[in-house]
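Enquirer: What follows is a predicted protein model with its sequence.
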Amino acid sequence: MKLLVRLRPIAFIAVLLVLWQIAIDLHPIHILPSPWQTLGGIAYLIHHKLLLKYIVASLFRVTWGFALAVVLAVPLGLTIGWYRRAEMAFNPIIQLLRPISPLAWIPIAILWFGVGDLAAIFLIFLGCFFPLLLTAINAVQNVPAVYINAGRNFGLTPTQIVRRVLYPAVVPQLIVGLRITLGIAWLVVVAAEMIAVDSGLGFLIVDARNAGNRYDLVVAGMAIIGIIGLALDLAIRSLEHVKSFRWGYAEE
């Protein structure tokens, strides 16, 4: 039974591939490549030693932008959520900047950092910072008061309450926020690479479109982006199984 459950996603993907091939065969004008042509595009990238190069370039930018956002946004969000006066002071500026799309910052990013990795990393950082900040703030504010009161009743100091009660209590919500934000980072890097850099999977898609309408490479790049995005999400979800975090989740 467990094997069948695990095979369901594979079966669903196989059905989609079959439907994709049927749609291509039935349409008189092949406006999209077939699954086999897309696979051939991936093989082309591997043969010309471009696939690994573009993947590494994109992951490099995502890693730095995402890591910087985590290092800055999570502690700041926990602090703002813990101190109500800090939330009152910072909330207006947060709500003012949060709705601005990271892509709207592309002209400023290019002006400040030029066309290259720094501009893309800056855009990814912006795309991740505010979602993580709000997640951390809400995580602290949603900690049941009974946890804090119990810590105080046991004589814990404020520092001990933060370390032994607050941080473990907010970890489940932070993991969810990390999953969502990493997906945003992966979206932003592709868009940034289409404009602000000359390498990476986003650049691959634009370059393939401009260099002779190589739509097999375009769709191949899209498929690779999806596969890597899935792998990154699974990596973040694996944190839910860390023993020290398990108490924050409901028993299944």
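Expert: Received it, and whenever you're ready, just let me know what you need. Residues are numbered from 1 along each chain as shown.
Enquirer: ok, which stretches of the chain are helices?
Expert: 2-26, 35-47, 51-82, 84-97, 106-113, 117-141, 145-153, 158-161, 167-193, 201-210, 215-237 (DSSP state H).
Enquirer: angle of the last one against helix 51-82?
Expert: Counting by axes from the mean of the first three to the mean of the last three CA atoms, to 10 degrees, helix 215-237 points 40 degrees away from the direction of helix 51-82.
Enquirer: Output the helices of the chain as a markdown table; include the columns mean neighbour count and mean pLDDT.
Expert: The way it works is simple: take the backbone N, C-alpha and C, and place the C-beta from them, glycine included. Shown next, in a markdown table, are the helices of the chain (neighbours: other CB atoms under 10 Å; pLDDT from 0 to 100):
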| stretch | mean neighbour count | mean pLDDT |
| --- | --- | --- |
| helix 2-26 | 10 | 76 |
| helix 35-47 | 16 | 87 |
| helix 51-82 | 19 | 90 |
| helix 84-97 | 12 | 85 |
| helix 106-113 | 15 | 88 |
| helix 117-141 | 23 | 89 |
| helix 145-153 | 12 | 78 |
| helix 158-161 | 13 | 75 |
| helix 167-193 | 21 | 85 |
| helix 201-210 | 20 | 84 |
| helix 215-237 | 17 | 87 |
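Enquirer: pretty sure residue 216 contacts residue 40?
Expert: Yes - the pair residue 216 / residue 40 is scored as a contact, 6.2 Å apart, by CB atoms under 8 Å.
Enquirer: which residues touch the residue positioned nearest the centre of the chain?
Expert: With distances taken as CA atoms, centre = their mean, residue 182 lies nearest the centre of the chain, 1.7 Å away. Residue 182 is in contact with 62, 66, 128, 232-233, 236, counting by CB atoms under 8 Å, 6 or more residues apart in numbering.
Enquirer: any idea how far it is from residue 231?
Expert: 11 Å (CB to CB, to the nearest Å).
Enquirer: next one: residue 200
Expert: Distance of residue 200 to residue 231, computed by CB to CB: 17 Å.
Enquirer: With residue 83 instead?
Expert: Residue 83 is 38 Å from residue 231, by CB to CB.
Enquirer: same deal with residue 24?
Expert: Remark: distance between residue 24 and residue 231 (CB to CB) = 27 Å.
Enquirer: can you check residue 72 too?
Expert: 25 Å.
Enquirer: try residue 68
Expert: 21 Å.
Enquirer: what does residue 158 give?
Expert: Here residue 158 is placed at a distance of 40 Å from residue 231 (CB to CB).
Enquirer: what does residue 173 give?
Expert: Distance, residue 173 to residue 231, by CB to CB: 23 Å.
Enquirer: next one: residue 124
Expert: 18 Å.
Enquirer: can you check residue 202 too?
Expert: For residue 202, the distance to residue 231 equals 18 Å [CB to CB].
Enquirer: for residue 86, what are its contacts?
Expert: 79-80.
Enquirer: Next one: it from residue 70, what distance?
Expert: If you go by CB to CB, the gap between residue 86 and residue 70 works out to 20 Å.
Enquirer: quick one, phi/psi of residue 33?
Expert: The phi and psi values for residue 33, taken as degrees, to the nearest 10, are phi -70, psi 160.
Enquirer: Surely it touches residue 213?
Expert: No - using CB under 8 Å, residue 33 is not in contact with residue 213, being 10.6 Å away.
Enquirer: quick one, which of the two is more surrounded?
Expert: Set residue 33 next to residue 213 and count neighbours by other CB atoms under 10 Å: residue 33 wins out with 20 against 10.
Enquirer: Now do that one against residue 236, distance only.
Expert: From residue 33 to residue 236 the distance is 31 Å (CB to CB).
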